[in-house]
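>>> Turn this into a model:
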Amino acid sequence: MSLKQTQEITIWAFKDGKKGHEKQIDALISEIALHKNVVICEFSAFDAWQNHNSRPNIIIGAGNSTHQPMLKVKKTHPSATTIVLMKPSLRPTQCFDIAIVPDMDTYYFGRPDNVITTQGVLSKYSDQDPKPKTGLIVIGGKSRHFLFRKKVVQQQIEWILNDLYQDYEWKITTSPRSPDLSLPKHPGNAKFFSWKDTDENWLSNEIKQSEITFLTPESVSVLYEALSTKTQVYVFHHELHADDHGQRQTKVTKNITKLKKQNLIGYIESKRHTFSRSIKSAELFHPKNKEPLSEVKRVVQELLRIL
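This next block holds a predicted model:
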């Protein structure tokens, strides 16, 4: 019997502890649960699952450390369907029944037939109307994709709070990668929330409720979570890393450039002082009004058709 004809399905979800990966799994399962009665069994990549008394219909995982247990479960339960999120880097994609892979991941010899390509990573869809005159600023940190200059980030935040959007109520938050940051000068329109003092749903709820969201561009999961809501998304200006061949491009930096050209995200463009690299002047470019990305809905419809 196909899963389309089955009203209740059991999903075994393998998680690696990385929040961005786990949010993709949760987004997919939440959307499936709108169509089916779902029984969810969650395991870490290193949990013992052999004595679990349920039989999975679907096995989902994201992150390299989840792949081995997924494939071991498949041997024990060969009728189950394995669904891997993102392109596997240590195993061929064809080891899994279905791979849900963002368009920024490259296959140099053609995408395998079992790949469902998505615009960015999967995120929960929301058509909730945001609260007018509210803004959210999400600060990341160092990455291999962009330089993170604390002074430059703070200058951009001050510009947003004091010049661009003085009449908005702002919330500013950090991530585990963030350096120690003090709240920039502002006219009493901003509150600071450390990621350590918020619960796991705080950021998602604030994104949905904010009319505008500014974020540092290295966090792919937060970026696409915001693009899947009605908030207007902007990225801070960050310089690229440089090597002997000039500025170093990665799939993340190339994707940010593509989203800018598509007018899906707004952005700050700045000119810097040569030696201090502090901001000399800045300009804000706005995104086009858009509907939220609904990739997770499209993917689940495709899965129901395939399975």
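>>> what sits up against stretch 59-69?
The set of residues that contact stretch 59-69 without belonging to it, under Cβ atoms under 8 Å, 6 or more residues apart in numbering, is 11-16, 18, 21-22, 24-25, 28-29, 43, 45-47, 49, 70, 73-74, 77, 80-86, 88-91, 95-96. To be clear about C-beta, it is placed using only N, CA and C from the backbone, and glycine gets the same treatment.
>>> Check stretch 73-90 too.
3, 12, 21, 24-25, 28, 49-50, 55-64, 67, 70-71, 93, 95-102, 105, 107, 121-122, 303, 307.
>>> Which of the contacts of stretch 59-69 are buried, as a PyMOL select command?
Buried residues within the contacts of stretch 59-69, by 16 or more other Cβ atoms under 10 Å, are selected in PyMOL with:
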select buried, resi 11+12+13+14+15+16+21+22+24+25+28+29+43+45+49+70+73+74+77+80+81+82+83+84+85+86+88+95+96
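>>> Now, the contacts of stretch 59-69 that are in helices?
When DSSP state H is applied, the contacts of stretch 59-69 are split such that His21, Glu22, Gln24, Ile25, Leu28, Ile29, Met70, Val73, Lys74 fall in helices.
>>> now those in TSV, with pLDDT?
As requested, the ones in helices among the contacts of stretch 59-69 are arranged in TSV below (pLDDT from 0 to 100):
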residue	pLDDT
His21	95
Glu22	96
Gln24	97
Ile25	98
Leu28	98
Ile29	98
Met70	96
Val73	96
Lys74	96
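>>> Domains in the chain, by residue range?
The chain breaks down into these structural domains: 3-123+295-306, 131-285 (assignment by automatic domain parsing).
>>> These: lowest mean pLDDT?
Of all these, the segment with the smallest mean pLDDT is domain 131-285, scoring a mean of 88.
>>> just how off-centre is it within its chain?
Centroid separation for domain 131-285 versus its chain: 14 Å, with Cα atoms, centre = their mean, to the nearest Å.
>>> Just flag the most distant two among the ones in helices among the contacts of stretch 59-69.
Put simply, by Cβ to Cβ the two of the ones in helices among the contacts of stretch 59-69 set farthest apart are Glu22 and Lys74, 20.9 Å from each other.
>>> just checking, Val222 touches Glu206?
No - Val222 lies out of contact with Glu206 (Cβ atoms under 8 Å); the separation is 11.1 Å.
>>> Please say which of those two ends up with more neighbours.
Comparing Val222 with Glu206 by neighbour count (other Cβ atoms under 10 Å), the higher total belongs to Val222, at 24 against 20.
>>> Please identify which helix or strand holds that one.
Of the helices and strands defined by DSSP states H and E, Val222 is found in helix 220-227.
>>> For Asn64, grab phi and psi.
phi -60, psi -30 (degrees, to the nearest 10).
>>> Tell me, how many residues neighbour it?
Using other Cβ under 10 Å as the criterion, Asn64 is surrounded by 16 other residues.
>>> ok, now how distant is it from Val233?
Shown here: Asn64 relative to Val233, a distance of 29 Å by Cβ to Cβ, to the nearest Å.
>>> Equivalent analysis for Tyr165, please.
Tyr165 sits 15 Å away from Val233, taking Cβ to Cβ as the criterion.
>>> same deal with Asp167?
Relative to Val233, Asp167 is positioned 20 Å away (criterion: Cβ to Cβ).
>>> Residue nearest the middle of the protein, spatially speaking?
Central residue check for the chain by Cα atoms, centre = their mean: the C-alpha nearest the mean position is that of Ser221, 1.1 Å away.
>>> which ones are touching Asn37?
Asn37 sits next to Gln7, Glu8, Ile9 when contact means Cβ under 8 Å, 6+ apart.
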